[in-house]
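Peer 1: Below: sequence and its predicted model.
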Amino acid sequence: MARWAFLLTAFVALAAWAGAQGPVPPAPLSAEDKLRLLRANHALIENLVRDGVEMSKAGRPVDRAAHCRLASRSLVNAIREAARTEDAERVAELTGLYRTVVRDGLLPTLADAKRGVTPNSPADVALRKVRSDSVEDVKDLKTALPAVGNNQRVKDALKQLDELVEALK
């Protein structure tokens, strides 16, 4: 019985020690920082919500794909603005979000829409336009990001954009 008590005590002590080794959580944001971030993200949030609502209301998969592309374009515009102001951390964060929206939202929506359209129909032409516009969005980003500098997260984001171009073709 003493062995179990000793093992339990040792386990609790080791667990407490291991828990104390973790990274220190970041300091909470001040109200001033929260307000600054809200102002910086206001237009982006508004556009993403608007396009998300329109996407959910769209009846045809081609229309959903078009609205999803508009949402991703809102992110492209925000990333370009962050690159213009040389805010490398914002560029990296928004580029990761852009990649997620395209990979998990736009690509499956395009695939779903492709299954339901007749080749060379007006819907097929619209779908190909959404796809080509999406490729141009990625290329647009690739030209804007090098202006940010030698930030490693931005370099990683550029590599991820190469993957998106291939997936969109």
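Peer 2: That came in fine, so what should we check first?

Peer 1: Spit out the contact partners of the residue most central in space within the chain.
Peer 2: In the chain, the C-alpha nearest the mean C-alpha coordinate belongs to Leu97, at 1.2 Å (CA atoms, centre = their mean). Leu97 is in contact with Leu75, counting by CB atoms under 8 Å, 6 or more residues apart in numbering. From N, CA and C alone the C-beta is placed, and that goes for glycine too.

Peer 1: Use 34 as the first number from now on
Peer 2: Happy to do that; since the first residue is 34 now, the last one works out to Leu130.

Peer 1: Spell out the residue ranges of the helices in the chain.
Peer 2: Under the criterion DSSP state H, helices of the chain are mapped to 35-53, 64-90, 94-117, 121-134, 140-148, 155-177, 185-201.

Peer 1: Buried deepest among those, which one?
Peer 2: Sort the helices of the chain by mean neighbour count, taking mean count of other CB atoms under 10 Å, and helix 94-117 sits at the top with a mean of 21.

Peer 1: Contacts for that one, please.
Peer 2: Applying CB under 8 Å, 6+ apart, the contact partners of helix 94-117 are 74, 76-77, 80-81, 84-85, 87-88, 91, 123-124, 127-128, 130-131, 134-135, 138-139, 142-143, 145-146, 149-150, 156, 159-160, 163, 166-167, 170, 173-174, 177-178, 180-181.

Peer 1: thinking again about what came up before, make CSV from the helices of the chain and add mean pLDDT to it.
Peer 2: Rendered in CSV, the data for the helices of the chain read as follows (pLDDT from 0 to 100):
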stretch, mean pLDDT
helix 35-53, 56
helix 64-90, 84
helix 94-117, 89
helix 121-134, 88
helix 140-148, 87
helix 155-177, 88
helix 185-201, 81
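
Peer 1: and Ser63, how many neighbours does it have?
Peer 2: Here the number of neighbours of Ser63 (other CB atoms under 10 Å) works out to 9.
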